[in-house]
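Novice: From the sequence below, what's the structure:
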Amino acid sequence: VWVNADSRLKYPIRFREECREVYLLTGEAYFEVARNEAKPFWVHTSRGSVKVLGTEFNLSAYKDDLMPSATLINGAVRVIECRGDSVMLKPGQQAVVGKKGLEVQEVDVAYITSWVDGKFHFEDARLEDIALRIARWYDVKISFQQEELKEVRFSGAMLKFRPLGDLIEMIEATSYVRFSVQGDCIVISRR
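Specialist: Next up is the predicted model:
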């Protein structure tokens, strides 16, 4: 298991005889699970569960995520939403818990799992979503001076272990936004 910034994973000291269960209380985790049909692997979140049949997958269930998601890299998983909807994913698919239940979409798994390789990767991403990731990783508070700036879109990549200033410089150089940093508080405004 790889656990992303600001994540909480709960697991037992020893798994039970009949199954292996862990709890992603909040955050994002990437799992590689050995196949064992006699002892299935379960990941539970506050909004649903994933039954793993031997696979690699990414699960994002931050408390502030508008739409938590499970993304299958290879193998097989069944995603079960807390209201009872379920879907079996194929590699390259992502199940998103939306307002109308589970929605399945094809995705670029390299983009979804870039954080495991120590990268920020944005592809036509909303600035509000980027700000959430920055806030988690660098442990800062971010606010917007104008609401419409949340919808500004960016594409790009950068190593996560670079200083926050490098990421801010990259975003400011390619847009009309400005980051005002004061300690652990950042205000994003129009330039």
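
Novice: For the most centrally placed residue in the chain, which residues count as its bridge partners?
Specialist: Central residue of the chain (CA atoms, centre = their mean): S60, 3.8 Å from the mean position. Per DSSP bridges, the residues bridged to S60 are E28, S69.

Novice: and what of V33?
Specialist: T55.

Novice: That one and S180: what is the separation?
Specialist: From V33 over to S180 the distance is 44 Å, taken as CB to CB, to the nearest Å. No exception for glycine: its C-beta is placed from N, CA and C like everyone else's.

Novice: which residues of this structure score low on pLDDT?
Specialist: 66 (pLDDT under 70).

Novice: circling back to that earlier point, who's more crowded, V33 and S180?
Specialist: Higher neighbour count among V33 and S180: V33, with 20 against 12, using other CB atoms under 10 Å.

Novice: which ones are touching that one?
Specialist: Counting by CB atoms under 8 Å, 6 or more residues apart in numbering, V33 touches 41, 52, 54-56, 75.

Novice: returning to that earlier point: the residue nearest to the centre of the chain contacts R47, doesn't it?
Specialist: No. With contact defined as CB atoms under 8 Å, S60 does not count as touching R47 (10.8 Å).

Novice: any shared contact partners between those two?
Specialist: Contact criterion CB under 8 Å, 6+ apart; residues shared by S60 and R47: P68.

Novice: just the helices in the chain please.
Specialist: 109-112, 127-138, 164-173 (DSSP state H).

Novice: ok, now which ones touch L127?
Specialist: Applying CB under 8 Å, 6+ apart to L127 gives the contacts 144, 149-154, 171, 177, 188.

Novice: Out of those residues, which is nearest to W115?
Specialist: F154 (16.2 Å; CB to CB).

Novice: Count the residues that sit near that closest one.
Specialist: Neighbours of F154 (other CB under 10 Å): 17.

Novice: what bridges to the closest residue to it other than its chain neighbours?
Specialist: Setting aside the residues directly before and after it, F154 is nearest to F122 in space (CB to CB, 6 or more residues apart in numbering), at 5.1 Å. Listed by DSSP bridges, the beta-bridge partners for F122 are G156.

Novice: how much space is there between the closest residue to R178 other than its chain neighbours and A135?
Specialist: Of all residues not flanking R178 in the chain, R191 sits nearest, at 4.6 Å (CB to CB, 6+ apart). Between R191 and A135 the computed distance is 21 Å (CB to CB).

Novice: which non-adjacent residue is nearest the residue located most distally from the centre of the chain?
Specialist: What lies farthest from the middle of the chain is E17; by CA atoms, centre = their mean that is 30.5 Å. Closest residue to E17 apart from its sequence neighbours, by CB to CB, 6+ apart: K39 at 7.6 Å.
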